[in-house]
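Enquirer: Let's see this in three dimensions:
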Amino acid sequence: MSRNHSRSSNTGPSQRQLRVGEMLRHALADVLRRGDLRDPDLAGVSVTITQVKPSADMRYATIYCEPLGGKNAKAIVAALNRNKGYLRSEMGHLIALKFTPELRFLEDESFAEAQKIESLLKSPVVRRDLSTPDGDDSKD
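Expert: Numbering: from 1, shown residues only. Next up, the predicted model:
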């Protein structure tokens, strides 16, 4: 009986991918916390690394990040992508993997999406639709 090692696109990440992703996230946070980058777009900016998704072969990692306060996110993500070689080499000293993955930074838009949903839920139209009429409290 042979095992089928190909993963379906409907399945989530493996335990190893999750573990490696967290290890990479912590290592990258340590490198960014030191503040060794000499990029003017990153000077004095706090960046939150929300998630790291390594590829199945661990050769590539997609990093979702957001600057504190969400301001100038596009410029900061572009600066991180410009400095990904330096960040990769510094992370290589902190992690115990055979290969340090190639990094790709993307803006984490989940905060903006959550804010958009929250503002929609607080809108007067939605509140009106969610409120029950005073006389209709009967339950079947």
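
Enquirer: Now do the same contact list for residue 105.
Expert: Each residue near residue 105 by C-beta atoms under 8 Å, 6 or more residues apart in numbering is listed here: 63, 65, 77, 80, 81, 84. Placement of C-beta: from N, CA and C, glycine included.

Enquirer: low-scoring pLDDT stretches of the protein, where are they?
Expert: 1-10, 132-140 (pLDDT under 70).

Enquirer: Which stretches in it count as helices?
Expert: Under the criterion DSSP state H, the chain contains helices at 15-34, 73-82, 84-92, 110-121, 124-130.

Enquirer: Format the ones you listed as CSV; extra columns: distance to residue 101.
Expert: Below are the helices of the chain laid out as CSV (distance: least, C-beta to C-beta, whole Å):
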stretch, distance to residue 101
helix 15-34, 7
helix 73-82, 14
helix 84-92, 8
helix 110-121, 22
helix 124-130, 42
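
Enquirer: Go ahead and build a ChimeraX selection from the buried members of the contacts of residue 105.
Expert: Buried subset of those, written as a ChimeraX selection, criterion 16 or more other C-beta atoms under 10 Å:
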select :63,65,77,80,84
